[in-house]
Each structure stands twice: as structure tokens, then as C-alpha cells.
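Peer 1: Need coordinates for the below:
(2 chains)
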Amino acid sequence: MKNKFLPLSIIFIFVIVFIIFYKGLQNTNIYIPEVTTNNEIPSFSARLLNSNKVINSSEIFESNKFYLLNIWSSWCIPCKQEHPFLIELKKNKNIEVIGINYKDTQVNANKFLDELGDPYDQIIFDKDGTIGIEWGAFGVPESFLIYNRNIIKKYIGPLNNNLIKEIKLKIK
Amino acid sequence: MKILRLSFIFFIIISFNHLKANNENMKNEITKNLRCLICQGQSVYDSDSEFANSLKIMVDKKIKEGLSEKEIYRFFQDKYGEWILYDPLFNKNTYFLWLLPLLIFLLGGAIIFKKINKKHK
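Peer 2: Numbers count the residues shown, from 1 in each chain, chains lettered A, B, ... in the order given. Below you'll find the predicted structure:
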């Protein structure tokens, strides 16, 4: 009995450890956030850029309307790349573009908009980055397609031609 | 009377500092248990990235709002998923992870018990 029990248990432990490591190797350890969500938008109140008015999220997002919420900053280089696409999207009457100015200064944000154009209907000023956290964002640029106060899709990283085409198809 | 007033002020300052220190401890505790999602292998507490700094401010805000430690973890889990917590929750995906050490411990105990039993015989 003794002769059988010990090797069997050792083999059992080795097999389990092997399975765990083997499975672990197949999973990447890099965080991949969920991009297809159907969550309700968070509720928050915040100050708008270039105004001292504090606004509640329910005043910005109406139901039965499409919105693209774009998190941007003047110090973010990929935001500059995606900016022309946002300006193009702005021409579409079916969608409103809302900006969250992330960890920026008012002067630099305005300079950025003067240089590259302003595609935003409203811009929320997020000086300490906590509104970004409310949205579950972890950097800039990031965009959320919203309909009926629900997040339909999350776009991580800069928008490009293909993604703008995809958004246009969704809001038709 | 003056002494009484002074000692009252002194007491208030002391208790305020104590409260602040408690909040600071709780904030450190929570941020140590939150994973910095954009840094590899660092907690929010250890990291100085923009993301981690915003998270620290948010933890501070939530503590001031009077949320408990559990409620704060729950808040971040809702926003970012379970991956943000260093301590995995006990659910059907993690039963094995939590129970394996216990299983190995029991198995080892059984082996030792058997050996001792045999020697006595």
C-alpha cells in the first residue's frame, strides 16, 4: 500500500501543476479590456471646459440619440492623429460628439482646438482624471459609442478610417 | 476656562489628525490591492503613472464619501472587471485556485500521518 500511495500522489500533484502552468502559458498576461459592452453610462457631475458651469451627465446624454464620447488631451500624440476623423464624423447629423479633456490645462486644450479644429458639441473638463475612471477608461485616446444612455461599443486607442466607417454604419 | 478651551481645541486637532491617518492607511491598503492596468506587475500604490494617480485620487474620494473597503473594491470591479483586484474572488472560476493549497496540505498531512502510524506499529 505504501509503495503505491506515495508515487501516485506525487504523480497526481505533478499532473495538476503541469496543467496549471500549461494553461497559464496560453493566456497572455496583458490586460485586454472588454470592448463590447451594454452598460449604462455612469452618472457624474463635472465642469465644462471654458465655463464654470457644473453639469450633470443626465443633462448631456439624451435618450434615443447617438453620442460619441471621446477622451482626449493636448499632450497625447495619438489624439492628434484621430482628430481629423472626429471632425469628419462631426459632419454627420445623426451623432453628437462629446469630449472629455483628460488631465490637461485649459490653455493647452484651447490651443489644441484652435490649431486642429473643434469637433465637440460639449467638452467636459477632467482635471484629475476621475471622470475617466467613472467611465472605466485607462488612458487617452478612448471613445465610447452611446445610444439610449447605454455604451454600445468602446474604442481603445485612436480612431481611424475603418472605425469611423463602422460608427457611421451603426448610426444610420 | 482658558485651559479648558485650549485643551478642547488640542483634542479636536489630535482627533482630526487621527482620522486623517486612518484614512491614509485605508487608502494605502486599498491601492496596494488594486492592479495598475497599464503597468506590468505593479500595484496602483507602487505606480506613478497617470492612470494610477487618478485611481489614487478616486480611492481618496470614495473614502471621504464614506464607502467601506469592500464597497470601494466593488466599485472598481464594476468599472474595470475582476482583473483589477489582486485578491481573486471566491467564485466558480477560482474554486480550484483557492482549494488547491488546502488539498495539497491535506495530502501531505495524510502521507506524514501514514508514515508515523507505520513506525509506531
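
Peer 1: what's the nearest residue to residue 104 if we skip its chain neighbours?
Peer 2: In the absence of a named chain, chain A is used. Closest residue in space to A:Asp104, ignoring its immediate chain neighbours: A:Ser73 at 4.7 Å, by C-beta to C-beta, 6 or more residues apart in numbering or on different chains. Just so you know, the C-beta spots here come from the backbone N, C-alpha and C atoms, and that holds for glycine as well.

Peer 1: Correction: the question concerned chain B.
Peer 2: Among residues not flanking B:Ile104 along the chain, A:Ile13 sits closest, at 6.5 Å (C-beta to C-beta, 6+ apart).

Peer 1: tell me which element the one you found falls in.
Peer 2: In the assignment (DSSP states H and E), A:Ile13 maps to helix A:2-26.

Peer 1: can you list contacts of that helix?
Peer 2: Applying C-beta atoms under 8 Å, 6 or more residues apart in numbering or on different chains, the set of residues contacting helix A:2-26 from outside is B:100, B:104, B:107, B:111, B:114, B:118.

Peer 1: and it, average pLDDT?
Peer 2: Average pLDDT, helix A:2-26: 86.

Peer 1: Equivalent analysis for stretch A:155-167, please.
Peer 2: Here the average pLDDT along stretch A:155-167 is 92.

Peer 1: Please see if that stretch touches chain B.
Peer 2: No - using C-beta under 8 Å from any C-beta of the partner chain, stretch A:155-167 stays clear of chain B, with a minimum separation of 11.0 Å.

Peer 1: SS state for the residue nearest to A:Leu163 when sequence neighbours are not counted?
Peer 2: Closest residue to A:Leu163 apart from its sequence neighbours, by C-beta to C-beta, 6+ apart: A:Tyr155 at 6.0 Å. With DSSP: H, G, I helix; E, B strand; the rest coil as the basis, A:Tyr155 sits in strand.

Peer 1: what bridges to A:Tyr155?
Peer 2: A:Tyr155 forms beta bridges with A:Ser143, as assigned by DSSP bridges.

Peer 1: so who does it touch?
Peer 2: A:Tyr155 makes contacts with A:35, A:142-145, A:163, as judged by C-beta under 8 Å, 6+ apart.

Peer 1: can you do 7 Å?
Peer 2: By C-beta atoms under 7 Å, 6 or more residues apart in numbering or on different chains, the contact set of A:Tyr155 is A:142-143, A:163.

Peer 1: and the residue in chain B positioned nearest to chain A, what element?
Peer 2: The minimum distance from chain B to chain A, using C-beta to the nearest C-beta, falls at B:Ser54 (3.0 Å). Element membership of B:Ser54 [criterion: DSSP H and E] is helix B:50-64.

Peer 1: that older thread, was I right about the residue nearest to A:Asp104 contacting A:Val140?
Peer 2: Yes - contact status for A:Ser73 versus A:Val140: in contact at 4.9 Å, counting by C-beta atoms under 7 Å.

Peer 1: what's the overlap in contacts for those two?
Peer 2: Residues touching both A:Ser73 and A:Val140 (C-beta under 7 Å, 6+ apart): A:79, A:102.

Peer 1: Quick one: list the elements packing against the host helix or strand of B:Ile116.
Peer 2: Following DSSP H and E, one finds B:Ile116 within helix B:95-120. Packing partners of helix B:95-120 (3 or more C-beta pairs under 7 Å, 6 or more residues apart in numbering or on different chains; DSSP states H and E): helix A:2-26.

Peer 1: got the angle for the helix it packs on vs helix B:95-120?
Peer 2: Going by axes from the mean of the first three to the mean of the last three C-alpha atoms, to 10 degrees, helix A:2-26 is angled at 160 degrees with respect to helix B:95-120.

Peer 1: Now do helix A:2-26: distance to the chain's middle.
Peer 2: Remark: helix A:2-26 is offset 42 Å from the chain centroid, using C-alpha atoms, centre = their mean, to the nearest Å.

Peer 1: Also stretch A:153-163?
Peer 2: On the basis of C-alpha atoms, centre = their mean, stretch A:153-163 sits 9 Å off its chain's mean C-alpha point.

Peer 1: pull the CA atoms of it into PDB?
Peer 2: In PDB, the C-alpha atoms belonging to stretch A:153-163 read as follows (Å, rounded to 0.1, in the frame of the first residue of the first chain):
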ATOM      1  CA  LYS A 153     -19.100  49.900 -28.100                       C
ATOM      2  CA  LYS A 154     -15.800  51.000 -26.600                       C
ATOM      3  CA  TYR A 155     -12.900  52.000 -28.900                       C
ATOM      4  CA  ILE A 156      -9.500  51.900 -27.200                       C
ATOM      5  CA  GLY A 157      -6.700  53.800 -28.900                       C
ATOM      6  CA  PRO A 158      -7.000  56.300 -31.800                       C
ATOM      7  CA  LEU A 159      -9.900  56.100 -34.200                       C
ATOM      8  CA  ASN A 160      -9.100  55.500 -37.900                       C
ATOM      9  CA  ASN A 161     -10.900  55.500 -41.200                       C
ATOM     10  CA  ASN A 162     -12.200  52.000 -40.800                       C
ATOM     11  CA  LEU A 163     -13.600  52.600 -37.300                       C
END
